[in-house]
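Trainee: Here is my input, please return the structure:
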Amino acid sequence: MEQATPLQVHSLKKNSIGLSLLVFMVISAAAPLTGIAGAIPIAMLLGNGAGIPGTFVIMAIIMAIWAIGFVTLARRVRNAGAFYAYSARALGGRAGGAVALIAVLAYNAMMFGLLGLLGGVATGVFGQFGLNLPWWTWSLIATGLVGILGYKEAELSAKVLMLLVALEVVIGLIVAFSILAKGGAGDLTYNILDPQLIFAGGGTVAAILFTFGSFIGIEATAIYTEEVRDATVTVPKATFGAILLIGLFYAFTTWSMVVGTGVEALVPTIAALPDPTFFLFALAEQYAGGTVAMILGVLLVTSIFASAQAMHNFIARYFYVTGREGLLPGFMGVTHDSHQSPHVGSVVQTLMAVIVVLVFAALGLDPVLNLFTWIAQVSVFGVLTMLAITSFAVVAYFRKHPGQEPAWKVVLAPVVSGLMMAGMAAYTLIGFGPATATTAPLSYILPGLVPLFGLIGYLVASKMAQTRPADFAKLGANRD
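Mentor: Numbers count the residues shown, from 1 in each chain. Purely as a prediction, here's the structure:
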């Protein structure tokens, strides 16, 4: 691969992101409003119904266990490549190359999927105001705005994300408290941790996968490690803080949604709707009024936009790191002279997004059922794979570089989380066809992209080991 010369390689802007901005940037990727309006009603219908709030508590605990080893390693390896860097330093450069390409695939896939979801939702939301445009028009408008923000310094997009996340959290809480203020359907005292609810109907595994999707983006705190102030303190605080806040938000709002209909009536109510994603809007109109429901729709669009912006930022930084370190063409491994942003990676990602949206539009495919459902599930499989690999990388790293860290941080927690993430990844792979409504060969081709990209990354790194052994040895090295 082509390498950038030393004069071309710039650094990301140091000390530009504080704790609060980092937390909001990570939460924006999780898209809280998108979760409770879009994914959660489907999870309730196909999963364990009123057991979803308790499942969120369990998932928050699982993510916290995973984060123990993750942040411990993040203190030792400070590189914006995050998963890639940890794998490279712990498992070797070839493993690092494989993870780097899986990360590029996974975050791009989620970004593309979100643009489809945004286009589909925006068509309905803005259509009620007389703005009747094709879905792909809204997707391309969002792509352009995302690209502009991603091209500029991180603080600008971080502040935009903070505002959008604050608005979507507020509207979600307004609906939740409106339900509680009117007593809901009378089930205010139901126990969200009741095992009979959480493990009801054999839908627990599906519910866990849906709730996991609501935490995607938590792992990205380390992607900003070269840009945050006092990374060894800020990254761990932001990681655990985001897990806590997201877990509390989802557990509380989903509990209120169950209360709004009643435990027994929940699943039949959702099943009776023409689309499960209408559920939150119906609750908002019933308990908070039509105006709140209308505002909810607009903020749902901005919630998806915020998540797409966060994913774009992740991808731009992965492009930058992989270009800087020789796994992708070197022209990507540069930053803007004044913004100190990974602007080339941002432009490349924007162009890729435009192409994908136009291809799906030209083929007449549905933006939600096809672009979002097909492609976003590839991202879930890829992220779960990276989380599992990173967990085992923690164990390997501290066996090579022992320190004062207790065994429960660098062995027990990573092994437990690694096995859980690997199990969820396997379930996602096995159930990919039913979950995405795809049949062979597409049901094999789409998830097969994850190991394919991993193999490509492995081979690229292997070639580097032969042709540029000095560069290979530095893959994933600290960048202070």
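Trainee: When you work out contacts or count neighbours from here on, use the C-alpha atoms and nothing else.
Mentor: Fine.
Trainee: Poorly predicted segments of the protein, please.
Mentor: Judged by pLDDT under 70, the chain has its weakly predicted residues at 1-13, 15-16, 153-157, 201-202, 336, 339, 480.
Trainee: so where do the strands sit in the protein?
Mentor: Here the chain has no strands by DSSP state E.
Trainee: so how far is Asp187 from the nearest residue to Tyr318 once chain neighbours are set aside?
Mentor: Counting by C-alpha to C-alpha, 6 or more residues apart in numbering, Tyr318 lies nearest to Gly81, which is 6.0 Å off, once chain neighbours are set aside. Distance, Gly81 to Asp187, using C-alpha to C-alpha, to the nearest Å: 47 Å.
Trainee: of the two, who's got more company?
Mentor: Gly81 (34 against 17; other C-alpha atoms under 10 Å).
Trainee: how close does that one sit to Gly476?
Mentor: 7 Å.
Trainee: Please identify the buried residues of stretch 469-477?
Mentor: Residues Phe472, Leu475, Gly476, Ala477 are the ones in stretch 469-477 that count as buried (16 or more other C-alpha atoms under 10 Å).
Trainee: Pick the one among those closest to Leu419.
Mentor: Closest approach to Leu419 among those (C-alpha to C-alpha): Gly476, at 24.2 Å.
Trainee: I'd say that closest one and Leu91 touch.
Mentor: No - the criterion here is C-alpha atoms under 8 Å, and Gly476 misses it with Leu91 at 10.8 Å.
Trainee: returning to that earlier point: let's see which of the buried residues of stretch 469-477 end up in helices.
Mentor: Here DSSP state H is the test, and the buried residues of stretch 469-477 give Phe472 as lying in helices.
Trainee: Just give the number of residues close to Trp66.
Mentor: 25.
Trainee: oh, I was asking about Lys152
Mentor: That count, for Lys152 with other C-alpha under 10 Å as the rule, works out to 18.
Trainee: Repeat that for Glu264.
Mentor: 12.
Trainee: swap in the one 3 residues further on?
Mentor: Residues contacting Val267 under the criterion other C-alpha under 10 Å number 22.
Trainee: mind listing what it touches?
Mentor: Met44, Leu45, Gly49 (C-alpha atoms under 8 Å, 6 or more residues apart in numbering).
Trainee: Same question for Val125.
Mentor: Val125 neighbours (C-alpha under 8 Å, 6+ apart): Gly297, Val298.
Trainee: and if you look at the one 10 residues further on?
Mentor: Each residue near Trp135 by C-alpha under 8 Å, 6+ apart is listed here: Gly116, Gly119, Gly120, Ala122, Thr123, Pro367.
Trainee: most neighbours, which of those?
Mentor: Gly116 leads the contacts of Trp135 on contacts (other C-alpha under 10 Å) with 32 neighbours.
Trainee: Would you quantify the distance from the nearest residue to that residue once chain neighbours are set aside to Ala308?
Mentor: Take Gly116 and drop its neighbours on the chain: the residue closest to it by C-alpha to C-alpha, 6+ apart is Pro367, 4.3 Å away. For Pro367, the distance to Ala308 (C-alpha to C-alpha) stands at 15 Å.
Trainee: cool, Ile148 as well?
Mentor: 13 Å.
Trainee: Neighbour count for the two, which is higher?
Mentor: Ala308 (28 against 15).
Trainee: Spit out the contact partners of the more buried one.
Mentor: Ala308 neighbours (C-alpha under 8 Å, 6+ apart): Ala29, Met110, Met111, Leu114, Leu115, Val146.
Trainee: repeat that for 10 Å
Mentor: For Ala308, the contacting residues are 28-31, 107-108, 110-115, 118, 142-143, 146, 302, 314, by C-alpha atoms under 10 Å, 6 or more residues apart in numbering.
Trainee: So it versus Met352, what's the distance?
Mentor: Using C-alpha to C-alpha, which is the criterion applied here, Ala308 is 14 Å from Met352.
Trainee: Overlap of the contact sets of those two?
Mentor: With C-alpha under 10 Å, 6+ apart, Ala308 and Met352 have common neighbours Asn108, Phe112, Thr143.
Trainee: How many neighbouring residues does the second one have?
Mentor: When counting by other C-alpha under 10 Å, one arrives at 29 neighbours for Phe112.
Trainee: Also Leu131?
Mentor: Neighbours around Leu131, by other C-alpha under 10 Å: 12.
Trainee: Hmm, it is touching Thr137, no?
Mentor: No - taking C-alpha atoms under 10 Å as the definition, Leu131 is not a contact partner of Thr137, at 11.2 Å.
Trainee: and for these two, which residues touch both?
Mentor: Ala122, Thr123.
Trainee: Count the residues that sit near Thr428.
Mentor: 23.
Trainee: Grab the nearest non-local neighbour of it.
Mentor: Phe381 (6.1 Å).
Trainee: Quick one: residues contacting that neighbour.
Mentor: 102, 106, 421-422, 424-429, 432, 447-450.
Trainee: Kindly report the same for Leu452.
Mentor: Leu452 touches Ala98, Leu101, Ile102, Ile445, Tyr458, counting by C-alpha under 10 Å, 6+ apart.
Trainee: Dump the residues you listed to TSV, plus neighbour count.
Mentor: Formatted as TSV, the contacts of Leu452 follow (neighbours: other C-alpha atoms under 10 Å):
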residue	neighbour count
Ala98	27
Leu101	26
Ile102	29
Ile445	12
Tyr458	22
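Trainee: farthest pair in those residues?
Mentor: Ile445 and Tyr458 (19.5 Å).
Trainee: Out of the contacts of Phe381, the closest to Glu168 would be?
Mentor: After measuring the contacts of Phe381 against Glu168 - C-alpha to C-alpha - the closest member comes out as Ala106, at 24.9 Å.
Trainee: Please list all residues in contact with the closest one.
Mentor: 100, 311, 315, 375-386, 449-450, 453.
Trainee: rerun that using 6 Å as the cut-off
Mentor: Taking C-alpha atoms under 6 Å, 6 or more residues apart in numbering, we find Ala106 in contact with Ser379, Gly382.
Trainee: Could I get the contacting residues of Met111?
Mentor: Met111 neighbours (C-alpha under 6 Å, 6+ apart): Ala308, Met311.
Trainee: count of neighbours near Ala440?
Mentor: Neighbour tally, Ala440, other C-alpha under 10 Å: 8.
Trainee: And it, how close does it get to Glu325?
Mentor: 37 Å.
Trainee: where do the helices sit along the stretch 351-480 of the chain?
Mentor: With helices called from DSSP state H, counting those that start in this stretch, the stretch 351-480 of the chain shows them at 373-400, 407, 413-430, 432-436, 442-467, 469-473.
Trainee: Please identify the most buried of these.
Mentor: helix 373-400 (a mean of 24; mean count of other C-alpha atoms under 10 Å).
Trainee: what's the angle from that helix to helix 442-467?
Mentor: Compare the direction of helix 373-400 with that of helix 442-467 by axes from the mean of the first three to the mean of the last three C-alpha atoms, to 10 degrees and you get 40 degrees.
Trainee: after helix 373-400, next one along is what?
Mentor: Counting by DSSP states H and E, the next helix or strand C-terminal to helix 373-400 is helix 407.
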